[in-house]
Structures are given as C-alpha cells and as structure tokens.
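Q: Give the three-dimensional model of this entry:
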Amino acid sequence: RISRSGEPLARCTGRHFCSPTGARLVLVRSGLAQGLATGDGEMEFAELIKTPRVDGAILHRPFLPRVEGTLCLTGHHLILSSRQDNSEELWLLHSNIDAIEKRFVGTLGTITIKCKDLRIIQLDIPGMEECLNIASSIEALSTLDSTTLMYPFFYRPMFEVLEDGWHSFLPEHEYTLLSAMTDEWRLSYVNKDFNVCPSYPPIVMVPKSIDDEILKKVATFRQGGRFPVLSYYHKKNGMVMMYSAQPLTGTNGRRCKEDERLINATLRPGKRGYIIDTRSITAAQQARAKGGGFEQEAHYPQWRRIHKSIERYHILQESLIKLVEASNDQSHNMDRWLSKLEASSWLSHIKEILTTACLAAQCVDREGASVLVHGSEGIDSTLQVTSLARIILDPQSRTINGFEALIEREWLQAGHPFQQRCAQSAYSNSKQKNEAPTFLLFLDCCWQIQHQFPCSFEFNEQFLIVLFEHAYASQFGTFLGNNENERRKLKLQQKTVSLWSWVNRPKELEKYFNPLYEANSLVIWPSVAPQSLQLWEGVFLRWNRSSKYLDEAWDEIIHIIEYNKDLQAKVNALRRQLAELQTDDGELESP
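A: I've put the predicted structure just below:
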C-alpha cells in the first residue's frame with residue numbers, strides 16, 4: 001500500500017515484513033540479528049540494535065490519526081506495525097533520518113524523528129530504557145560510515161525488472177542521436193581508466209578534430225582534470241554548450257594552447273563564443289592566488305567572458321536550514337513568515353540560477369554562439385546551469401525519458417558528488433563541509449519552469465519530488481557514490497538495483513504523467529522576475545499543510561481531461577461516419 005503522501009507502508013506477514021517495492025526483511029525473534037532474507041549481512045547490525053522490538057509504541061504523523069502498534073528495528077528500517085483496521089503503518093529507512101530528539105515524562109519516552117525528506121514524526125515509547133535503546137540504535141544505524149552497509153546493497157526486488165536502468169542511458173546511445181545531426185563530434189575513451197579525470201565518466205564527447213593526446217594536455221590545465229566536454233548540441237543552428245572546471249592560470253597567467261585549440265574547435269568561422277563563469281569576478285580573481293583563475297582575453301580573443309555569481313556549499317546549506325525553519329513556523333504571523341522567507345535567500349538563489357541558465361540558452365539560441373560554462377570545480381553550479389539551459393532549449397528533455405537521461409548524463413555521469421552533497425538535509429546537528437542542496441535547488445528550478453509552462457512537461461510535480469527523496473535516501477543504488485569512478489569500484493551495477501528499473505515500469509510510470517501535457521517543440525523562456533518565482537509548496541509545506549483539497553482538485557482535472565478525450569473520440573468517430581454516408585450518397589446520385 002501507498003499512503004496519501006507517497007510513503008510506502010509495511011505489510012506484516014507473520015514473522016516477515018514485506019515492503020511494497022518487494023524487499024523482505026527477516027525479524028529474528030531469538031535475538032538481535034536482522035537482515036534481508038538473502039543470506040548476506042544478517043549479523044552485520046546485531047551489535048547496533050540493543051532493543052529490536054517494543055510493543056505499545058504510538059506513532060504521530062502530520063494529517064494522519066495516531067497509530068498504536070509494535071515498533072521493530074532492522075538493520076536498515078524502522079517499522080511500526082499495527083493490528084488496527086485501516087491504519088497506515090510506517091516503513092522508514094534509517095538513511096532517511098537526519099536527526100532525532102528524545103524527551104521523557106515519567107517512564108514514557110518520546111522520540112522525535114526529523115527526516116531528510118523534511119518530514120517530522122513522533123514516537124511515544126513506554127519504558128525509559130527501551131526508549132534510550134531505540135534512540136541509540138537509530139542514531140548509530142542512520143550514520144553508517146561504510147557505503148557497502150547501506151540498504152541498496154541488501155535490497156532485493158520481488159518485482160520483475162523489465163528494463164535494466166543501469167543500461168538505459170549509455171553514452172553510445174546519446175552519440176547515435178548526435179551523429180544523426182552532425183559529424184563534427186566523436187566519442188573519446190581517453191578516460192577509460194579514470195586516470196585523466198577521476199570525476200568524469202570513461203566516455204566523453206569531444207570535437208572530432210581534437211585527439212586524445214591534446215585532451216590529456218588540456219586536462220592538466222583544468223582543475224581536477226575536467227577538460228571541456230559536450231553538454232548539448234542545438235539542432236536549430238548547430239551551436240553547442242560545454243562544461244569544464246576552471247583553468248589553472250594562477251598568478252603567473254599560465255597558458256595552454258591545447259586548451260585554446262579545443263574550445264576554438266567548437267566555433268563557426270567568424271563567430272564568437274561565450275564563457276559563462278558562475279563566480280563573481282572578485283571570486284575568480286581570488287582563485288588565481290590559489291592556482292586557479294579564468295580565461296585571459298588575450299589568449300581567447302574569440303570568446304567573451306561573463307561572470308554570473310551563483311552561491312554554493314555552506315551558504316546554500318544554511319539557506320535550506322533557514323527555509324525549512326520558516327516553513328515549520330507555527331506562529332501564523334504574516335510579518336514573521338515573510339521575514340524568515342526573505343532571510344533564507346532561497347528564492348534569491350533560484351533567481352540567480354535560472355537567470356544564468358536563461359543567459360546560456362539565449363547565447364545558444366538567439367545569439368547563435370557556442371557556450372562554455374564553468375565555476376571552480378565544475379560539479380555544482382556549472383551542472384545546474386547547463387542542465388536547466390538544456391531544459392529550456394530541448395523539448396526532449398521535458399519528457400520523462402529525456403529528463404531521466406539528463407539526470408543520468410548531466411548529473412550522475414558528469415560527476416556531481418551526490419553522496420557528499422546529500423549526506424545530511426536541513427535538520428542534522430553535525431554539519432559536514434561538503435554537503436549542499438545543489439540538486440534540490442536544480443529540481444526547484446525545474447518546478448518553477450514547470451509551474452510557468454504546465455502543458456510543456458510530460459512529467460508531473462510528483463516525479464520531481466520522488467527524485468529529491470531518492471537522492472537523499474533510497475533502496476536503489478543510482479545516487480550512491482560521488483562519480484562514475486566510485487560507482488565502478490562499488491560495483492553498483494552488479495550489486496544494486498537502478499532507480500530507473502523501478503520508475504520505468506508501466507504501472508509505476510503512470511503516476512508521474514502530467515495530464516495537461518501537450519508536446520511543445522519550441523524553446524520555452526521562463527520569467528525570472530521576483531513576482532514569477534514561488535515557494536515550492538509540494539516539498540517545503542507538504543508536511544505542514546494538508547494537500548487534501550489540492551489532490552481532490554487534481555483528481556477532478558484528470559477526470560475532466562479524460563472525459564474530454566472520450567468526447568473527442570466520439571466526435572471523430574461521428575465525423576468519419578458522416579463522411580462515409582456523404583460518400584455513399586454521392587455514389588447513389590451519380591448516373
């Protein structure tokens with residue numbers, strides 16, 4: 001079963017619990033060993049689970065009646081099962097837990113669990129010792145250091161895998177599509193052993209006129225070896241968008257003629273290109289003192305450099321924390337709410353990112369120029385800009401399959417460090433320097449565009465929310481690791497299931513179709529005016545305000561659309577009958 005919020009529910013079958021996505025956990029009554037019924041790992045977590053089961057626990061969740069039942073801890077899940085009729089049960093991944101708080105009133109303990117999907121739930125547990133043990137176990141199990149102890153390595157689906165998501169979006173397929181439009185690019189296997197660039201995939205697309213030896217030299221001139229590679233080819237005019245990391249010019253103004261040759265190979269005769277640097281000019285100049293820098297005009301005369309400052313790292317993390325705090329404020333004071341929302345600067349970050357993406361798209365489509373995008377490392381704001389510009393320019397990227405391909409190619413294969421950035425969400429007390437809601441901001445920007453063009457996207461808002469949830473906590477291996485190199489070493493393709501294998505099943509896919517969708521082959525230009533940007537209520541307010549009436553409105557919209565389709569089909573059938581009758585009458589009247 002699935003709850004109204006999309007949360008999977010446990011189903012108790014004697015001594016097993018079965019999740020709706022098919023995994024089966026064994027609850028070993030005799031002691032502390034819990035694990036998947038695969039024969040592997042059943043003893044891995046025994047020492048961390050002090051109290052595996054508590055009866056008489058009470059669960060409190062937003063918009064749902066309280067549920068009393070049996071609380072069970074397994075190696076990867078917190079499960080509450082109830083014998084009450086029609087009660088929604090809980091099946092919560094430990095990896096989804098961001099922080100917990102505990103308090104006591106007499107012998108009754110209360111654990112407040114704050115999740116990475118921004119949900120807050122409360123458990124009342126009889127007995128102080130049981131409560132302390134449960135809290136201690138949850139804290140330990142939700143902060144496992146070893147990647148191979150995470151749930152995707154233990155999850156075994158019971159659904160039929162119709163399509164292996166690990167092989168759904170291969171570079172060779174993308175190149176086949178590109179080859180149908182141009183013969184000026186090639187696949188390079190220069191990074192097949194990840195020696196040239198640890199964060200790039202083994203296969204990249206580069207200009208055909210540039211050989212692998214040149215690529216190796218350019219890699220030594222770009223931070224982390226991230227030399228310029230193709231992000232998007234604009235069929236309308238043959239212009240391209242590329243991404244890379246910053247050049248290592250340093251204070252001495254170091255030069256690399258191979259780098260100049262590589263990016264100039266993307267220009268048409270007599271045409272200029274644009275380099276969009278996602279740092280302020282001040283930040284770019286400061287980077288030179290640390291060995292980084294930017295492209296010198298004297299060495300890149302055919303390129304115009306534009307600086308568009310996009311924040312990153314801890315600034316974005318603090319922004320998310322403030323936004324979630326504002327969203328959870330129950331004071332009902334308008335001035336306080338607006339003040340907190342403004343203080344979070346979240347919508348300002350949305351505006352900065354969308355503005356830069358629109359600039360990149362405008363250079364490609366309206367200026368007829370090629371574009372190179374980079375910041376410092378080229379793994380955060382750079383990917384936000386290139387992927388959003390592609391959504392603006394490319395109708396295929398606004399379909400479900402096209403958007404999945406974009407996530408796979410422009411984020412996963414491009415080396416966005418998901419495991420570092422999504423290690424914690426908005427509630428955790430232990431902040432790490434590498435975490436940031438970079439991907440959530442990208443999804444929010446997608447929602448802003450979708451909100452302005454509700455008929456131009458094949459997928460609905462729920463699809464974006466599912467991607468947000470799985471990036472932070474998942475039974476699938478898709479978002480594990482920080483780049484393709486790490487995923488190969490972890491053997492994710494052999495040992496875990498891809499998210500796309502689950503999502504692309506017809507029964508699951510139908511949940512994410514937008515009923516208003518009408519294929520739009522045009523470039524779409526979103527407004528970035530402050531009045532046009534809105535808070536993404538579907539993520540930030542869904543646990544604070546009931547969506548009952550909005551859900552009912554959407555159900556009615558879907559009903560109207562389906563009814564209209566039926567009527568249109570009847571009209572078309574009647575028109576065909578009328579045409580046939582008129583043809584028959586004409587034949588009878590002819591001499």
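Q: Quick one: list the elements packing against the helix or strand encompassing residue 230.
A: With secondary structure defined by DSSP states H and E, residue 230 is part of strand 229-233. For strand 229-233, the elements it packs on are strand 204-207, strand 240-243, helix 381-393, judged by 3 or more C-beta pairs under 8 Å, 6 or more residues apart in numbering; DSSP states H and E. (Glycine included, C-beta is placed from N, CA and C.)
Q: contact partners of it?
A: With C-beta atoms under 8 Å, 6 or more residues apart in numbering as the test, strand 229-233 has contacts from 178, 181-182, 185, 200, 204-206, 239-244, 364, 373, 386, 389-390, 393-394, 410.
Q: With just CA atoms, put that strand into CSV.
A: What follows is strand 229-233, C-alpha atoms only, in CSV (Å, rounded to 0.1, in the frame of the first residue of the first chain):
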residue,chain,number,x,y,z
VAL,A,229,33.3,18.3,-23.0
LEU,A,230,30.0,18.5,-24.8
SER,A,231,26.8,19.1,-22.8
TYR,A,232,24.3,19.9,-25.5
TYR,A,233,24.1,20.3,-29.3
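Q: List the buried residues for the helix or strand hosting residue 258?
A: Assigned by DSSP H and E, residue 258 falls within helix 257-264. Of the residues in helix 257-264, those scored as buried under the neighbour-count criterion (16 or more other C-beta atoms under 10 Å) are 258, 259, 260, 262, 263, 264.
Q: One more: stretch 429-446?
A: If you call a residue buried by 16+ other C-beta under 10 Å, then stretch 429-446 has these buried ones: 435, 436, 437, 438, 439, 440, 441, 442, 443, 444, 445, 446.
Q: what is the mean pLDDT for that stretch?
A: Rounded to a whole number, the mean pLDDT of stretch 429-446 is 91.
Q: on that earlier part again, TSV for the buried residues of helix 257-264, including pLDDT and distance to residue 54?
A: What follows is the buried residues of helix 257-264, written out as TSV (pLDDT from 0 to 100; distance: C-beta to C-beta, whole Å):
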residue	pLDDT	distance to residue 54
258	97	65
259	97	62
260	97	67
262	97	62
263	96	62
264	96	67
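Q: Among those, pick out the one closest to residue 513, please.
A: The nearest member of the buried residues of helix 257-264 to residue 513, counting by C-beta to C-beta, is residue 263 at 40.0 Å.
Q: hang on, the earlier thing: can you give the strand pairings for the strand holding residue 230, parallel or anti for each?
A: According to DSSP bridges, the neighbouring strands of strand 229-233, each with its direction, are strand 240-243 (antiparallel).
Q: Can you name the residues in contact with the strand it pairs with?
A: 226, 228-234, 263, 266, 360, 364, 370-374, 378, 382-383, 386, 389-390, 414.
Q: and the residue lying closest to residue 467 once chain neighbours are set aside, which of the three is it?
A: When the adjacent residues along the chain are set aside, residue 467 lies closest to residue 443, with 6.2 Å between them (C-beta to C-beta, 6 or more residues apart in numbering). For residue 443, the reduced secondary structure class is helix; criterion used: DSSP: H, G, I helix; E, B strand; the rest coil.
Q: Surely residue 295 and residue 275 touch.
A: Yes - using C-beta atoms under 8 Å, residue 295 is in contact with residue 275, at 5.6 Å.
Q: So what touches stretch 538-545?
A: Surrounding stretch 538-545, the residues in contact under the criterion C-beta under 8 Å, 6+ apart are 5, 62, 118-120, 323-324, 327-328, 440, 444, 447, 461-462, 464-465, 468, 535, 537, 547.
Q: Now do the strands in the stretch 301-450 of the chain.
A: For the stretch 301-450 of the chain, the strands defined by DSSP state E, counting those that start in this stretch occupy 303-307, 370-374.
Q: Out of those strands, which one sits most buried?
A: Comparing those by mean neighbour count (mean count of other C-beta atoms under 10 Å), strand 370-374 ranks first with a mean of 28.
Q: Restrict it to CA atoms and write it as PDB.
A: Once non-C-alpha atoms are left out, strand 370-374 reads as follows in PDB (Å, rounded to 0.1, in the frame of the first residue of the first chain):
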ATOM      1  CA  SER A 370      28.600  28.400 -28.500                       C
ATOM      2  CA  VAL A 371      28.900  28.400 -24.800                       C
ATOM      3  CA  LEU A 372      31.400  27.100 -22.200                       C
ATOM      4  CA  VAL A 373      30.100  27.000 -18.600                       C
ATOM      5  CA  HIS A 374      32.400  26.600 -15.500                       C
END
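Q: what packs against that strand?
A: Counting contacts by 3+ C-beta pairs under 8 Å, 6+ apart, strand 370-374 is packed against strand 240-243, strand 273-277, helix 346-365, helix 381-393.
Q: out of those, deepest packed?
A: A comparison of the helices and strands packed on strand 370-374 by mean neighbour count, using mean count of other C-beta under 10 Å, puts helix 381-393 on top with a mean of 27.
Q: That one to helix 346-365, inter-axis angle?
A: Relative orientation of helix 381-393 versus helix 346-365 (axes from the mean of the first three to the mean of the last three C-alpha atoms, to 10 degrees): 60 degrees.
Q: so where's the longest helix in the chain?
A: Of all the segments assigned as helix in the chain under DSSP state H, the longest by residue count is helix 548-589.
Q: Straight-line length of stretch 506-522, end to end?
A: Distance between the boundary residues of stretch 506-522 (C-alpha to C-alpha, to the nearest Å) amounts to 28 Å.
Q: what does it contact?
A: 162, 395, 398, 400, 453-460, 462-463, 466, 502-503, 557-558, 561-562.
Q: can you pull the contacts of residue 480?
A: Contacts were defined as C-beta under 8 Å, 6+ apart; by that measure residue 480 touches 147, 150, 152, 418, 419, 487, 490, 492, 496.
Q: Also residue 133?
A: The neighbours of residue 133, taking C-beta under 8 Å, 6+ apart as the test, are 50, 51.
Q: what's the weakest-modelled helix or strand in this structure?
A: For the chain, using mean pLDDT, DSSP states H and E, the weakest element among its helices and strands is strand 34-36, scoring a mean of 35.
Q: List the buried residues for the next helix or strand after that strand?
A: Per DSSP H and E, the first helix or strand lying C-terminal to strand 34-36 is strand 53-61. When burial is assessed from 16+ other C-beta under 10 Å, strand 53-61 yields the following buried residues: 53, 54, 57, 58, 59, 61.
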